[in-house]
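Peer 1: structure, please.
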Amino acid sequence: MTYNFFEILGMCENENLYALKTRKYTSEECKNAYFTKFNKPGTYDLNASGVVIRKGLLEKVYQRILITPVVKT
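Peer 2: Residues are numbered from 1 along each chain as shown. Predicted coordinates:
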């Protein structure tokens, strides 16, 4: 299968203008994600941007264009 084209879905942002966010993180989840990543107390605002799971950790991603591959048949 070859991907020749991509469809732009929207952008990661605070307001969720494109209705692409699939969940809202609790304060406790934000604190746990920060502690797990940096090994010190703090808060990682996971609701302010897009989030991916990388190597088992919740990681914020900053302003990005969200795309999906389009397969031409």
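
Peer 1: hey, let's count contacts and neighbours off CA atoms from now on
Peer 2: Fine.

Peer 1: residue 44: what's it in contact with?
Peer 2: 30-31, 33-34 (Cα atoms under 8 Å, 6 or more residues apart in numbering).

Peer 1: quick check: residue 40 vs residue 27, distance?
Peer 2: Separation of residue 40 from residue 27 (Cα to Cα, to the nearest Å): 16 Å.

Peer 1: residue 33: what secondary structure?
Peer 2: helix (DSSP: H, G, I helix; E, B strand; the rest coil).

Peer 1: rewinding a little: more neighbours: residue 40 and residue 27, which one.
Peer 2: Just comparing residue 40 and residue 27: by other Cα atoms under 10 Å the higher neighbour count belongs to residue 27, 14 against 11.

Peer 1: got phi/psi on the nearest residue to that one once chain neighbours are set aside?
Peer 2: Spatial nearest neighbour of residue 27, excluding adjacent residues (Cα to Cα, 6 or more residues apart in numbering): residue 43 at 7.9 Å. When read as degrees, to the nearest 10, the backbone of residue 43 gives phi -130, psi 130.

Peer 1: so where's this protein shaky on pLDDT?
Peer 2: 1-3, 10-16, 18, 20, 62-64, 72-73 (pLDDT under 70).

Peer 1: what ranges do the helices span in it?
Peer 2: With DSSP state H as the criterion, the chain has helices at 27-38.
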